[in-house]
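Enquirer: Predicted coordinates and the sequence they were generated for:
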Amino acid sequence: MNDFNRFNKVSGIYWLKKGLSDLKIKIKLKPQDGIISLPKFEDYSKGSNALNLENTTEEYTFKWQEKVFSCWEVQRYTDHHNCITETELNYHEQINDIDYKPGKIFTYIHEDYYLPLPLDCKKKKDGILKLDSYMEQLSLNDPIARVFGGETISTTHLFKSEENLDVDQEEWIAMHVVYDSSDYNEDKHLIFKQEVTLLSLYHNISQNYLIITPDVNNLELNPYCVETLSGVLLGYQYAVEVEFNDVESGEELVLLLKKLHKRWERKQKHLLNFYMPPLGKKQYYISLEILTATGFDMDNLYIEFDIKVPEELECKDILQGRTHISEAATVDNIEEWSFGHVIEFSLEMDSGTEATPLKFFMEAISTDWWGRHRTEGYCYLPLPLEPGCFTQELTCRRPEEINSVEAKSRRFFLGGCHLIKDLNVLVEPQTKDANFTYITTGSIKVRWNIISQTHIGNMGTTLVAPVSGGASTASALLRGAEAALHKYKQARARLAAATKQIGDVHGEGDG
């Protein structure tokens with residue numbers, strides 16, 4: 001199955017009683033960075049001054065094994081010479097029979113063989129871990145030893161060789177919902193093909209259960225991000241919904257699943273306590289990870305880091321430190337040092353200003369048995385506060401004295417000396433007068449994630465409410481505003497009624 005490596009994209013297993021003839025699959029897609037579409041200049045030129053507050057969420061509905069073509073598929077199957085198999089000829093007839101409009105989100109059905117089936121034994125030469133072997137051996141009523149085979153607790157009993165596997169016992173039908181992010185020219189001809197699998201469904205016919213990858217979710221609470229296999233975000237979020245409308249194929253199970261899902265949503269809303277930043281402030285949440293290092297001469301490396309924050313930003317976290325000492329491991333004939341050191345901190349600034357990039361300095365240092373610490377190289381990364389996930393490999397340089405003989409001797413016997421007193425010399429080395437030279441050494445691979453958060457409210461209205469624990473959620477503020485508005489309407493109605501009653505009494509007395 002697909003490897004969804006981030007955002008908790010887990011799989012769900014649904015047991016069925018009959019087929020999936022009335023299965024409905026819904027994909028809700030929206031832009032990642034904004035929910036509200038701002039008005040264009042043309043809207044004001046037509047005399048409309050109101051903001052367009054409509055939700056830009058797009059909804060796509062598919063049936064089980066429903067074929068929806070992409071733009072490049074329409075171009076391919078329109079030409080009869082590109083159709084060889086029986087399936088391709090059928091697609092050619094379908095497209096030519098109707099005026100078909102390709103979709104941004106399309107489907108691959110079982111006949112397309114888009115991705116390998118789960119536990120597909122025919123296409124693998126190694127041992128296979130079968131889901132049915134788990135189901136047969138897992139019994140909650142048996143002792144633990146009986147679950148693992150009875151004689152010994154060993155995971156080797158859960159694996160079977162290919163010779164003992166009965167391939168004919170596993171029958172699967174697959175369907176995939178895919179996002180088309182390919183590039184086309186003005187004539188809609190394919191320039192660069194790129195697809196992102198949003199949803200995969202696998203139906204096991206023999207055991208009659210459905211595997212959904214990723215599982216159903218909520219677009220507001222835990223949306224999935226549309227990203228390529230290399231981790232590049234495409235600027236969209238989506239949610240998955242599955243409806244079992246077939247009454248004859250397990251109505252009780254469907255109702256139970258829906259109730260459990262609603263209960264799970266209520267529990268998530270209760271646990272999720274989202275705190276908005278103060279009005280007029282912008283907050284950044286940054287997670288830096290020092291991944292690996294390669295190309296250095298000495299072993300037993302560790303990385304010292306220092307993060308410089310501009311004056312317009314406020315930070316209360318610690319921005320200096322070091323990683324653990326790592327020994328080299330050979331990967332594809334290349335020595336590599338693994339760290340996986342995570343640095344997390346938050347920043348705050350005024351929402352009306354723009355911050356300059358952060359300065360991220362790193363120094364690779366090696367140690368030996370004599371206790372000497374040698375500088376293996378420095379690197380500098382300007383870190384702009386741009387939301388998203390990024391990965392970069394930084395080249396390191398080591399300062400050395402101009403006299404190479406003296407520099408090598410000092411480095412061998414004493415471990416060298418600290419020639420850089422101020423790390424800012426790495427930012428603009430040409431502007432600093434230095435009595436040393438630089439030597440290119442190894443490289444350090446880093447990855448960082450940045451989240452930006454701003455509280456945009458009505459600047460003409462101030463809401464004052466008692467806050468529990470020094471903070472308040474957006475839902476609590478909304479409920480408080482609605483309650484205050486309701487009480488205001490009630491008081492105004494009572495005042496109008498009392499004024500009318502007093503006016504009636506005075507009118508009778510004058511007559």
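Expert: Thanks, I have it.

Enquirer: Do a quick rundown of the helices in the protein.
Expert: Under the criterion DSSP state H, the chain contains helices at 41-45, 71-78, 86-97, 131-137, 144-147, 251-271, 404-414, 474-510.

Enquirer: rank those helices by pLDDT, which is bottom?
Expert: If you rank those by mean pLDDT, helix 144-147 sits at the bottom with a mean of 41.

Enquirer: so where do the strands sit in the stretch 51-200 of the chain?
Expert: Ranges of strands within the stretch 51-200 of the chain are 58-63, 105-108, 172-180, 183-184, 190-192, 195-204, based on DSSP state E, counting those that start in this stretch.

Enquirer: now the ones you listed in JSON lines, with mean neighbour count?
Expert: (Each C-beta comes from the backbone N, C-alpha and C, glycine too.) Listed next are these as JSON lines, based on neighbours: other C-beta atoms under 10 Å:
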{"stretch": "strand 58-63", "mean neighbour count": "15"}
{"stretch": "strand 105-108", "mean neighbour count": "21"}
{"stretch": "strand 172-180", "mean neighbour count": "21"}
{"stretch": "strand 183-184", "mean neighbour count": "12"}
{"stretch": "strand 190-192", "mean neighbour count": "11"}
{"stretch": "strand 195-204", "mean neighbour count": "21"}
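
Enquirer: Distance to Asp317 for the ones you listed - can I get that in CSV?
Expert: Listed next are those as CSV, based on distance: least, C-beta to C-beta, whole Å:
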stretch, distance to Asp317
strand 58-63, 39
strand 105-108, 41
strand 172-180, 37
strand 183-184, 41
strand 190-192, 41
strand 195-204, 35
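
Enquirer: got JSON lines for those, with mean pLDDT and distance to Phe412 too?
Expert: Output for the strands of the stretch 51-200 of the chain, formatted as JSON lines (pLDDT from 0 to 100; distance: least, C-beta to C-beta, whole Å):
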{"stretch": "strand 58-63", "mean pLDDT": "91", "distance to Phe412": "65"}
{"stretch": "strand 105-108", "mean pLDDT": "92", "distance to Phe412": "61"}
{"stretch": "strand 172-180", "mean pLDDT": "92", "distance to Phe412": "57"}
{"stretch": "strand 183-184", "mean pLDDT": "86", "distance to Phe412": "55"}
{"stretch": "strand 190-192", "mean pLDDT": "86", "distance to Phe412": "52"}
{"stretch": "strand 195-204", "mean pLDDT": "91", "distance to Phe412": "53"}
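
Enquirer: Ala493: which of those is closest?
Expert: Set against Ala493 and scored by C-beta to C-beta, the strands of the stretch 51-200 of the chain come closest in strand 58-63, at 40.6 Å.

Enquirer: Next, the angle strand 195-204 makes with the closest one.
Expert: Strand 58-63 runs at 30 degrees relative to strand 195-204, counting by axes from the mean of the first three to the mean of the last three C-alpha atoms, to 10 degrees.

Enquirer: Would you mind listing where the stretch 301-450 of the chain has pLDDT under the threshold?
Expert: 402, 407, 413-419, 430-435 (pLDDT under 70).

Enquirer: how about 90 then?
Expert: In the predicted model of the stretch 301-450 of the chain, residues 311-312, 330-334, 350-356, 368-376, 397-439 satisfy pLDDT under 90.

Enquirer: got the residue ranges for the strands in it?
Expert: So, for the stretch 301-450 of the chain - with DSSP E, counting those that start in this stretch - the strands run 301-308, 320-322, 329-331, 334-350, 358-367, 373-383, 388-401, 436-454.

Enquirer: Show me the one of these that comes nearest Asp180.
Expert: Checking these against Asp180 by C-beta to C-beta gives strand 388-401 as the closest, at 21.7 Å.

Enquirer: Now do the buried residues in the closest one.
Expert: For strand 388-401, a neighbour-count test (16 or more other C-beta atoms under 10 Å) marks 389, 394, 396-401 as buried.

Enquirer: swap in stretch 378-391?
Expert: Quick answer for stretch 378-391 (16+ other C-beta under 10 Å): 378-381, 383, 385, 389.

Enquirer: Make TSV from those residues and add distance to Asp112 to it.
Expert: Formatted as TSV, the buried residues of stretch 378-391 follow (distance: C-beta to C-beta, whole Å):
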residue	distance to Asp112
Tyr378	52
Cys379	46
Tyr380	48
Leu381	43
Leu383	43
Leu385	43
Cys389	31
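
Enquirer: quick one: which of those is nearest to Ala491?
Expert: Closest to Ala491, out of all of the buried residues of stretch 378-391 and judged by C-beta to C-beta, is Leu385, at 46.6 Å.

Enquirer: quick one: the closest one and Leu347 touch, right?
Expert: Yes. The pair Leu385 / Leu347 is scored as a contact, 7.5 Å apart, by C-beta atoms under 8 Å.

Enquirer: Turn the strands of the stretch 301-450 of the chain into JSON lines, including distance to Ser21.
Expert: Output for the strands of the stretch 301-450 of the chain, formatted as JSON lines (distance: least, C-beta to C-beta, whole Å):
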{"stretch": "strand 301-308", "distance to Ser21": "58"}
{"stretch": "strand 320-322", "distance to Ser21": "59"}
{"stretch": "strand 329-331", "distance to Ser21": "50"}
{"stretch": "strand 334-350", "distance to Ser21": "48"}
{"stretch": "strand 358-367", "distance to Ser21": "56"}
{"stretch": "strand 373-383", "distance to Ser21": "53"}
{"stretch": "strand 388-401", "distance to Ser21": "40"}
{"stretch": "strand 436-454", "distance to Ser21": "43"}
